[in-house]
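In: turn this into a structure:
(one chain, ligands or ions: 1)
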Amino acid sequence: MRAPKPLAAGNWKMNGLKASSSEIADLAARLKAAPAGCDVLICPPFTLVASLADAAAGTSVAIGAQDCHAKASGAHTGDVSAPMLADSGASFVIVGHSERRADHGETDADVAAKAAAVQAAGLPVIICVGETEAERVAGREVEIVSGQLAGSIPADIDTDRLVIAYEPVWAIGTGRTPSAADVEAIHGAIREKLVARFGAAAGSMIRILYGGSVKPDNAKELMSVANVNGALVGGASLKAADFDAIIGAWR
Ligand SMILES: O=C(CO)COP(=O)(O)O
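Out: Okay, here's the model as predicted:
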């Protein structure tokens, strides 16, 4: 069976100023010198989407966003819609990151509405799922992630423009990661759910990213696990040299 092309995605979270465009130029130059065996995406904060999309034009770096509102426009002070992001040059949007679920009380239904809005704006969506440490200790990770998948993927999703990111909350920013065997088990369970819902042909081609303390020194091992089709990288995506070293997992 065909395998999906890997995706290395960087989530800059609430980091980055105008000067950060030098990191995009640096990354693009590295990818030109040593082409990647994966797609490459950087998701800066909203303030930088348009300028970094301009900076990345004509390179192999795509620019995306980290969230959007579920509506296309309207009286929602401070929010940003998916059509606005598309208009700004974003070519992907992340939704349902655990930091948004925790900081903003986003539910699975909220995430599903946002995911639908992203696709309605013509863009592919990365939907994040992942269990907390207490849920992992209780052995409930498959149950939790299965529930998030069922609730966060909207009914009319276009699977060609769907990416899932599995990010155990306890591995984010902590320097801790699940073992390769644990990653294989949960990614296998996610694949089973996707195949059960969308059929073997579509379900097996949906990229499942692993995220949570992916670093240059563990990327190769994590990215070689079955059903790991890329990475969603936080801290180590801020510096082009580090992110490029992670991308080296596919060179
Ligand atoms: O949350 C993450 C990416 O979305 C992971 O963050 P870290 O790579 O900093 O652990």
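In: near the ligand, which residues of the stretch 101-250 of the chain are found?
Out: Residues of the stretch 101-250 of the chain lying close to the ligand (CB under 6 Å from any ligand atom) are 167, 172-173, 211-214, 232-236. Where C-beta positions appear, they are placed from N, C-alpha and C, glycine not excepted.
In: out of those, who's the most crowded?
Out: Counting neighbours by other CB atoms under 10 Å, residue 214 comes out on top of those with 29 neighbours.
In: wait, it sits on residue 233?
Out: Yes: between residue 214 and residue 233 a contact is recorded at 4.8 Å, counting by CB atoms under 8 Å.
In: and the residues of the stretch 101-250 of the chain next to the ligand, which is closest to residue 48?
Out: residue 234 (15.9 Å; CB to CB).
In: that closest one against residue 173, yeah?
Out: Yes: with contact defined as CB under 8 Å, residue 234 counts as touching residue 173 (6.3 Å).
In: give me the phi and psi for the residue of the chain positioned farthest from its centre.
Out: Distance from the C-alpha centroid of the chain, by CA atoms, centre = their mean, peaks at residue 75 (28.1 Å). The phi and psi values for residue 75, taken as degrees, to the nearest 10, are phi -90, psi 80.
In: could you list the low-pLDDT ranges of the protein?
Out: By pLDDT under 70, the low-scoring segments of the chain are 1.
In: and the spatially closest residue to residue 222 that is not a sequence neighbour, what does it touch?
Out: Leaving out its chain neighbours, the residue that sits closest to residue 222 by CB to CB, 6 or more residues apart in numbering is residue 210, at 5.6 Å. Contact analysis of residue 210 by CB atoms under 8 Å, 6 or more residues apart in numbering lists 165-167, 183, 187, 222-223, 225, 228, 230-232.
In: and the gap between residue 210 and residue 8?
Out: Residue 210 sits 11 Å away from residue 8, going by CB to CB, to the nearest Å.
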